[in-house]
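Engineer: output the structure for:
(chains A and B)
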Amino acid sequence: MIASALGSYPRIGEGAEAQKLRRSIQKFQAGGMTREALREVENEVTGEAIAEQEAAGLDWITDGLVRWEDGQTYFADRLEGFKRGQLIRYFDTNTYYRQPVATGPIRWKAPIAVDDWKFAQARASKPVRPVVTGPYTLARLSENAHYGDFESFAADVAAALHEEVRALEEAGAKAIQIDEPALVQDPSDEPLAKRLLARTLAGTRAEIWVALTMGSPVKLLDRALEWAVAGLWLDGVSDPALVERLATRAAAGTVKLGVGIVNARNTRLESADQVREALARVADRQGAERVVATTSAGLEFLPRDRAQQKLARLSEAAHTLGAGARS
Amino acid sequence: MSNDALLTSSIGSFPKPEYLTKARTAFQQGKIGEPELKAVEERATRETIAMQEELGMDILVDGEMYRGDMATYFAENTDGFAISGLVRSYGNRYYRKPILTGPVRFRGPITVEWWKWAQSLTSKPMKAIITGPYTMMDWSFDEHYASRREACLDLARALHEEVRELADAGAKYIQIDEPALSVRVDELDTAIDAMAIVTSGIKATTLTHICYGTFEQIYPRMLDLAVDEYDLAMANTGFALVDHFKKHPFTKTLGLGVFDVHTHRLESVDEMRAGIEKTLQYLPPERIRVVPDCGLKTRTWDESRAKCANMVQAAKQAREKLSAAAR
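Structural biologist: The predicted model follows:
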């Protein structure tokens, strides 16, 4: 079984050297550093995030989203029609993001994540999957101060992100991750989210993996498994019923299952046995070839050393599955 | 009209002056020692108290100049906790998060000496403020407890000791902050049970502050928290939440947030007074306190001062209008 990252990686660690990005951003914000010099530091830290994911044994990685101020502004700042609003709590975390405010028609202007992805893939020896905040989530976590209703706002966000997905595909990305955590909070919006995803993904050839994290995806599971996507990343920690469901539900369809079994939001270190056991139960029922091992969310909620330890456990568990360690 | 009508107060934090921020950095870098830092914290506390007196506020706070993160500060002084490596709060801000590593036990008074000293500087009542058990649990990593509820109730027992010490020392108002509370509706019962432990047998007036989140979903059930007063953000939604009192009467004392702490805009006296007058349709003036929406630490000193000055003015005008009507 392969093991994958699920998005963000902690961008600073302990000690002065591990905090160079934090210091550089401060310096840049105070006018003491150029954009180009900051980009150099971001490149270095991206390289470290890649190296640490690879060293932990992951088979499929991301660039760690090192350049993202948060999941909303990274895209909203670079689309036409958004300005920055107030600080808002990100779901049930003690972290905050700048809420984008739509003040005009939302339009895609130019590639957003393409150069960052190309840089990362050139650095990495493992495949790097770019991450795009999904249309439902980007619209839901923003304030709409322009459109008459949420649906027309979200439809324009979906159309703008379609251009971004196409640009990533043209640049050579074989698989793309679409994050839809907001849908997990409000599963009743699934029909709308599905329409928006269809708009964003229209005509794409890349493998699309949609991430349903930051809460229990159990209520969404049956419907999401019918989406026209290659795979789902599922938070398997917020609600133990997810693993239970996957371990008992009949295998159906072709959608692959990224099972987020290592807790990305708590420092308690799982044992490889514990992780292996849960993965084995899902694999027995769903087929090992359909299952990818991952974390319950991106890792930015953890201190860096602990994130690395958790990834190592995850890889170990996935790679030794079925190797007689399942008793 | 009683003397308790429309008393003014604030939530807890005031902006840290630049000289204090610099001193805290110097302390972290080992350039100054604890006594030097404490002297600077005391200077900032004196200035904060003096400002509140000058503005004519009724129930004062010490401004929390000696506290960093509101959960970490209490964790550092309670048994059962370790402190994590750096994790991101938002943007380029990072902090060290508490980790529950063993059973939580009260080690000894945490805020009592500061409270006594702050109270000695003024003849007005000085509010004592602690972080509540639910928020402490929710904002900590947990490597020890089997469940969130168990962790929360142990924290409640430890914090009860702190509240008792504060009451014994003479605190008339004791605030137990629960900003994390309004995010997860499914855990409201745990928070209610925990608060009952914290305030059990305490004679002082007890308050809680809840900010951000899903008021609509936890009201009126949240009135079961064992406190006398709730300080709630009302201005940032244009006092729309007050309308809920039409259907479900607010049965306790309300700390009515009359200005937004996340905007540079200075709300006018008229605007704040209108919010007070709207609330007076549902509650007698003795059960309304006039406060900011939240702590002021993200505003500048001048902004905080100007906003508080208008708040005091708004309460005064509302009181005068009530007296005139009663004559």
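Engineer: when you work out contacts or count neighbours from here on, use the C-alpha atoms and nothing else.
Structural biologist: Fine.
Engineer: give the buried residues for the one helix or strand residue A:191 maps to.
Structural biologist: Using DSSP states H and E, residue A:191 maps to helix A:190-201. By 16 or more other CA atoms under 10 Å in any protein chain shown, the buried positions in helix A:190-201 come out as A:190, A:193, A:194, A:196, A:197, A:198, A:199, A:200, A:201.
Engineer: which one of these sits closest to chain B?
Structural biologist: residue A:190 (21.0 Å; CA to the nearest CA).
Engineer: give me the number of neighbouring residues for the nearest residue to the closest one once chain neighbours are set aside.
Structural biologist: Nearest non-adjacent residue to residue A:190, counting by CA to CA, 6 or more residues apart in numbering or on different chains: residue A:183, 6.9 Å away. The local packing of residue A:183 (other CA atoms under 10 Å in any protein chain shown) involves 24 other residues.
Engineer: tell me the spacing between residue A:183 and residue B:233.
Structural biologist: 27 Å (CA to CA, to the nearest Å).
Engineer: equivalent analysis for residue B:297, please.
Structural biologist: 15 Å.
Engineer: so the two - more neighbours on which side?
Structural biologist: Comparing residue B:297 with residue B:233 by neighbour count (other CA under 10 Å), the higher total belongs to residue B:233, at 26 against 19.
Engineer: what's near enough to touch the more buried one?
Structural biologist: Shown in contact with residue B:233 (CA atoms under 8 Å, 6 or more residues apart in numbering or on different chains): B:210, B:211, B:212, B:256, B:257, B:258, B:260, B:292, B:293, B:294.
Engineer: same deal with residue B:92?
Structural biologist: Applying CA under 8 Å, 6+ apart, we find residue B:92 in contact with A:22, A:25, A:26, A:69.
Engineer: what about it, distance to residue A:205?
Structural biologist: When residue B:92 is compared with residue A:205 (using CA to CA), they lie 36 Å apart.
Engineer: next: residue B:72.
Structural biologist: 48 Å.
Engineer: so which residues on chain A come close to chain B?
Structural biologist: A:10, A:12-14, A:22, A:25-26, A:69-70, A:86-87, A:89, A:91-97, A:265-268, A:300-304 (CA under 8 Å from any CA of the partner chain).
Engineer: how far away from the center of its chain is stretch A:206-221?
Structural biologist: Computed by CA atoms, centre = their mean, to the nearest Å, the chain-centroid distance of stretch A:206-221 equals 10 Å.
Engineer: run through who's touching that stretch.
Structural biologist: Residues contacting stretch A:206-221 (CA under 8 Å, 6+ apart): A:91, A:169, A:173-181, A:183-185, A:187, A:190, A:229-239, A:241-242, A:245, A:296-297.
Engineer: neighbour count: residue B:72 and residue A:205, which is higher?
Structural biologist: Ranked by neighbour count (other CA under 10 Å), residue B:72 and residue A:205 place residue B:72 first, with 24 against 13.
Engineer: for the more buried one, what are its contacts?
Structural biologist: With CA under 8 Å, 6+ apart, residue B:72 has these contacts: B:83, B:96, B:97, B:98.
Engineer: in CSV, list these along with neighbour count and pLDDT.
Structural biologist: Listed next are those as CSV, based on neighbours: other CA atoms under 10 Å in any protein chain shown; pLDDT from 0 to 100:
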residue, neighbour count, pLDDT
B:83, 17, 96
B:96, 19, 94
B:97, 27, 96
B:98, 25, 98
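Engineer: number of nearby residues for residue B:201?
Structural biologist: Residue B:201 has 10 neighbours, counted by other CA under 10 Å.
Engineer: for residue B:186, that is, sorry about that
Structural biologist: By other CA under 10 Å, neighbour count at residue B:186 equals 10.
Engineer: just the buried subset of the contacts of stretch A:206-221, written out for PyMOL, thanks.
Structural biologist: Buried residues among these (16+ other CA under 10 Å), as a PyMOL selection:
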select buried, chain A and resi 91+169+173+174+175+176+177+178+179+180+181+183+184+185+187+190+229+230+231+232+233+234+235+236+237+238+242+296+297
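Engineer: so residue B:225 sits right up against residue B:192, yeah?
Structural biologist: Yes: counting by CA atoms under 8 Å, residue B:225 does reach residue B:192; the two are 4.9 Å apart.
Engineer: out of the residues of chain A next to chain B, which are inside helices?
Structural biologist: Those of those mapping onto helices are A:22, A:25, A:26, A:304, per DSSP state H.
Engineer: which ones are touching the last one?
Structural biologist: Translated: residue A:304. A:9, A:10, A:11, A:12, A:13, B:85, B:86.
Engineer: could you name the helices and strands sitting against the lowest-mean-pLDDT helix or strand in chain A?
Structural biologist: None of the helices or strands of chain A scores lower by mean pLDDT, DSSP states H and E than strand A:79-89, at a mean of 92. Applying 3 or more CA pairs under 8 Å, 6 or more residues apart in numbering or on different chains; DSSP states H and E, one finds that strand A:79-89 makes contact with helix A:73-76, strand A:96-108.
Engineer: secondary structure element holding residue 318?
Structural biologist: This is for chain A. Residue-wise, residue A:318 maps onto helix A:304-319 under DSSP H and E.
Engineer: try chain B instead
Structural biologist: helix B:301-326.
Engineer: average pLDDT for that helix?
Structural biologist: The predicted model assigns helix B:301-326 a mean pLDDT of 96.
Engineer: repeat for stretch B:178-196
Structural biologist: Stretch B:178-196 comes out at a mean pLDDT of 91.
Engineer: what parts of the stretch 51-200 of chain B come near chain A?
Structural biologist: Counting by CA under 8 Å from any CA, the residues of the stretch 51-200 of chain B near chain A are B:84-92, B:99, B:139, B:141-143, B:180, B:183-184.
Engineer: Throw together a ChimeraX command that grabs the buried residues out of those.
Structural biologist: What follows is the ChimeraX syntax selecting those of these that are buried according to 16+ other CA under 10 Å:
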select /B:84,85,86,87,88,89,90,91,99,139,141,142,143,180,183
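Engineer: smallest distance to chain A belongs to which residue of the stretch 201-327 of chain B?
Structural biologist: For the stretch 201-327 of chain B, CA to the nearest CA, closest residue to chain A: residue B:262, 7.0 Å.
Engineer: compute the number of surrounding residues for residue B:170.
Structural biologist: When neighbours are defined as other CA under 10 Å, residue B:170 has 17 of them.
Engineer: can you give me the helices for the stretch 101-250 of chain B?
Structural biologist: Secondary structure of the stretch 101-250 of chain B (DSSP state H, counting those that start in this stretch): helices located at B:112-120, B:133-138, B:148-169, B:188-199, B:215-218, B:244-247.
Engineer: and these, which one is worst for confidence?
Structural biologist: Mean pLDDT, when computed for each of these, is lowest for helix B:215-218, at a mean of 82.
Engineer: what's that one in contact with?
Structural biologist: B:182, B:185, B:188, B:241.
Engineer: if I look at residue A:40, how far off is chain B?
Structural biologist: Using CA to the nearest CA, to the nearest Å, one obtains 17 Å as the distance from residue A:40 to chain B.
Engineer: state the phi and psi torsions of that residue.
Structural biologist: phi -60, psi -40 (degrees, to the nearest 10).
Engineer: residue B:48: which of the ones in helices among the residues of chain A next to chain B is nearest?
Structural biologist: Of all those, residue B:48 sits closest to residue A:26, with 27.9 Å by CA to CA.
Engineer: run a quick neighbour tally on residue 288.
Structural biologist: Because you didn't say which chain, this covers chain A. Residue A:288, neighbours per other CA under 10 Å, totals 19.
Engineer: chain B, not that one
Structural biologist: 25.
Engineer: which residues touch it?
Structural biologist: With CA under 8 Å, 6+ apart, residue B:288 has these contacts: B:5, B:6, B:7, B:253, B:254, B:255, B:256, B:280.
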